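Undergrad: got a sequence here, can you model it:
(one chain, ligands or ions: 1)
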Amino acid sequence: MRLSSRVAKINPSETLAISAKTNALRAQGRDVIGFAAGEPDFDTPVNIKNAAIKAIEAGFTKYTPVGGTDELKDAIIAKLKRDNDLEYKRSQIVVSCGAKHTLYNLAQVLFDPGDEVIIPAPYWVSYPDIVVLAEGRPVIINTNEKDGFKMTPEQLRTAITDRTRAVIINSPSNPTGAAYSPQELQAIAKVLIDKDILIISDDIYEKIFYAKFPFMNMATCEPKLKDRIIVVNGVSKTYAMTGWRIGYAAGPEEIVAAINKIQSQNTSNPTSISQKAAVEAISGEQGVVDKMVSEFQKRRDFIVDALNQIPGVKCFSPEGAFYVFPNVSGIYGRSYKGKKITSSPELIDYLLDEANVAAVPGAAFGSDSHIRLSYATSLKNIEEGIKRIKDAISKLVS
Ligand SMILES: *Cc1c(COP(=O)(O)O)cnc(C)c1O
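TA: The predicted model follows:
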């Protein structure tokens, strides 16, 4: 079968692939502890579910405007004012089927062949492929633990060329959990201020935040850049609503209108019922979020400490999100039954086969020295899983 060259240019999402493999092993009866999933383990809060049930009962089950209902747009506008001190009009908001869809649409309306998009690594798996699908060219900036997994203003300045169209900032980050402080964003803003470059701010982990400094995005931090910034956010991570598929963009009217046009020819509106649920999530009682975040923080403290006690493993303490991204390169070169482990995919295979633990190779995020573990699972699972990892690593011989 001949398929398009477009599809041959991209990789399937590695995180989704590993989740599927984990589920398949479990179906065979294997007791696998999963650290691969990129979603909260909590149930969607009951007030949100009830809003959806009410929507169904009221017959709110038909097409809505392509870019979302006015009710949801108004809730998003109020949220952006309340949490981020940013003002937008309805014409500057567009709701899509998850933030991934928002980012996909954005790339489709912004990039032409050869347009360069700066992506700091380690990056969320989908950014480069979303850019490639739009025929743009990902330009990767490698960051490391020493710089807190954050790109420096110098690195950014060096990466900018005449073809640079946009830079993607994801803070807190998936997979590292690194978050830019307001001062760090200021320094980055200085590099961008006199350049004609768009800034895509992926704020999906805004609320899952543990740093001492306040969360801030570039638009709040540097108002002079606001008309070149597209803020992307959604309800998946904050409200444990990954399956509902609601994400949104806030930004320049022209870009938002273009997304509406593209979306009118692909998905049409995001699910009507999910939109009602999202209104409740964003405007309703926010206390549940604090509860989930304080649980995540407890787990983070535990897992970072436990990983750092494994010889050969060095784990950076994240400032947000629900992932750890330990450096495991200290283990590379050791072997098991004569087979050497030399890369993150090999280590991940070994951990799955020998320890019944699923995690994601750092290579999928642009750093082969690391692996990603999600701590969106119970403390009990985390304890048992880390013990298994420790035992499996101790069986390796140098
Ligand atoms: C999960 C995630 C998204 C997309 O979430 P949706 O479920 O599509 O709303 C976007 N960016 C990052 C960094 C993520 O981790």
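
Undergrad: OK, contacts around S173?
TA: For S173, the contact set (C-beta atoms under 8 Å, 6 or more residues apart in numbering) comprises P122, W124, F149, A179, Y205, G320, A321. (C-beta placed from N, C-alpha, C; glycine too.)

Undergrad: next one: A78
TA: Contacts of A78 by C-beta under 8 Å, 6+ apart are I282, S283.

Undergrad: could I get the phi/psi values of it?
TA: The phi/psi pair for A78 (degrees, to the nearest 10) reads phi -70, psi -40.

Undergrad: what strand or helix carries the nearest residue to P128 once chain neighbours are set aside?
TA: Leaving aside its sequence neighbours, P128 sits nearest to P138 (C-beta to C-beta, 6 or more residues apart in numbering; 4.2 Å). Taking DSSP states H and E as the definition, P138 sits inside strand 137-142.

Undergrad: so the residue nearest to P128 touches Y127, yeah?
TA: Yes. Contact between P138 and Y127 holds when scored by C-beta atoms under 8 Å: they sit 7.0 Å apart.

Undergrad: shared neighbours of the two, which are they?
TA: V117, I119.

Undergrad: mind checking which of these two has more residues around it?
TA: Neighbour count, other C-beta atoms under 10 Å: between P138 and Y127, Y127 has more, with 23 against 18.

Undergrad: may I have the secondary structure class of the more buried one?
TA: Following DSSP: H, G, I helix; E, B strand; the rest coil, we place Y127 in the helix state.

Undergrad: skip the chain neighbours and tell me the closest residue to it.
TA: The nearest residue in space to Y127 (C-beta to C-beta, 6+ apart) is I119, at 5.0 Å.

Undergrad: secondary structure element for the one you found?
TA: For I119, the enclosing helix or strand under DSSP H and E is strand 116-121.

Undergrad: first-to-last residue distance for stretch 160-173?
TA: This stretch, stretch 160-173, spans 21 Å end to end (C-alpha to C-alpha, to the nearest Å).

Undergrad: pLDDT wise, what is N23 at?
TA: You'll see N23 listed with a pLDDT of 88.

Undergrad: and it, how many residues sit next to it?
TA: Residues near N23, counting by other C-beta under 10 Å, number 13.

Undergrad: next one: it from the ligand, what distance?
TA: 18 Å (C-beta to the nearest ligand atom, to the nearest Å).

Undergrad: residue contacts, the closest residue to S367 other than its chain neighbours?
TA: Using C-beta to C-beta, 6+ apart and skipping the chain neighbours, the partner closest in space to S367 is P122 (4.6 Å). When contacts are counted by C-beta under 8 Å, 6+ apart, P122 is found next to T143, F149, S173, P175, T176, F325, G362, F365, G366, S367, H370.

Undergrad: cool, and I33?
TA: I33 neighbours (C-beta under 8 Å, 6+ apart): N356, V357, A358, T377, N381, E384, G385, R388.

Undergrad: next one: D70
TA: R90.

Undergrad: which bits of this protein sit near the ligand?
TA: Taking C-beta under 6 Å from any ligand atom, the part of the chain that reaches the ligand is made up of 38, 98-100, 124, 170, 174, 202, 204, 234, 236-237, 242, 247.

Undergrad: who wins on neighbours among those?
TA: Counting neighbours by other C-beta under 10 Å, G234 leads the residues of the chain next to the ligand with 31 neighbours.

Undergrad: hey, what's the closest residue to that one other than its chain neighbours bridged with?
TA: Leaving aside its chain neighbours, G234 sits nearest to G247 (3.3 Å; criterion: C-beta to C-beta, 6+ apart). Beta bridges link G247 to S96, G234 when assigned by DSSP bridges.

Undergrad: right, and G247 touches H101 too?
TA: Yes. Counting by C-beta under 8 Å, H101 is a contact partner of G247 at 6.1 Å.

Undergrad: got the contact list for stretch 291-298?
TA: Stretch 291-298 is contacted from outside by P40, F42, K207, I208, F209, Y210, A240, F322, Y375, A376, L379, using C-beta under 8 Å, 6+ apart.

Undergrad: do that again at 6 Å, thanks
TA: Residues outside stretch 291-298 that contact it (C-beta atoms under 6 Å, 6 or more residues apart in numbering) are F42, I208, Y210, F322.

Undergrad: list buried residues within those residues.
TA: I208, Y210, F322 (16 or more other C-beta atoms under 10 Å).

Undergrad: tell me how far the residue of the stretch 51-200 of the chain found nearest the ligand lies from I246.
TA: Residue nearest to the ligand within the stretch 51-200 of the chain: G98 (2.8 Å; C-beta to the nearest ligand atom). For G98, the distance to I246 (C-beta to C-beta, to the nearest Å) stands at 7 Å.

Undergrad: let me see the ranges of the strands in the stretch 251-398 of the chain.
TA: 323-324, 335-336, 339-340, 357-358, 360-361, 371-374 (DSSP state E, counting those that start in this stretch).

Undergrad: next, format the ones you listed as a markdown table and append mean pLDDT.
TA: Shown next, in a markdown table, are the strands of the stretch 251-398 of the chain (pLDDT from 0 to 100):
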| stretch | mean pLDDT |
| --- | --- |
| strand 323-324 | 98 |
| strand 335-336 | 95 |
| strand 339-340 | 94 |
| strand 357-358 | 96 |
| strand 360-361 | 96 |
| strand 371-374 | 98 |
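
Undergrad: pLDDT below threshold where in the stretch 101-250 of the chain?
TA: Applying pLDDT under 70 to the stretch 101-250 of the chain flags no residue at all.

Undergrad: ranges for the strands of it?
TA: Per DSSP E, counting those that start in this stretch, the stretch 101-250 of the chain carries strands over the ranges 116-121, 137-142, 164-170, 198-202, 229-234, 247-250.

Undergrad: roughly how far apart are the most far-flung residue of the chain relative to its centre and L396?
TA: Distance from the centre of the chain peaks at G338, with 37.0 Å (C-alpha atoms, centre = their mean). To L396, G338 is 12 Å away according to C-beta to C-beta.
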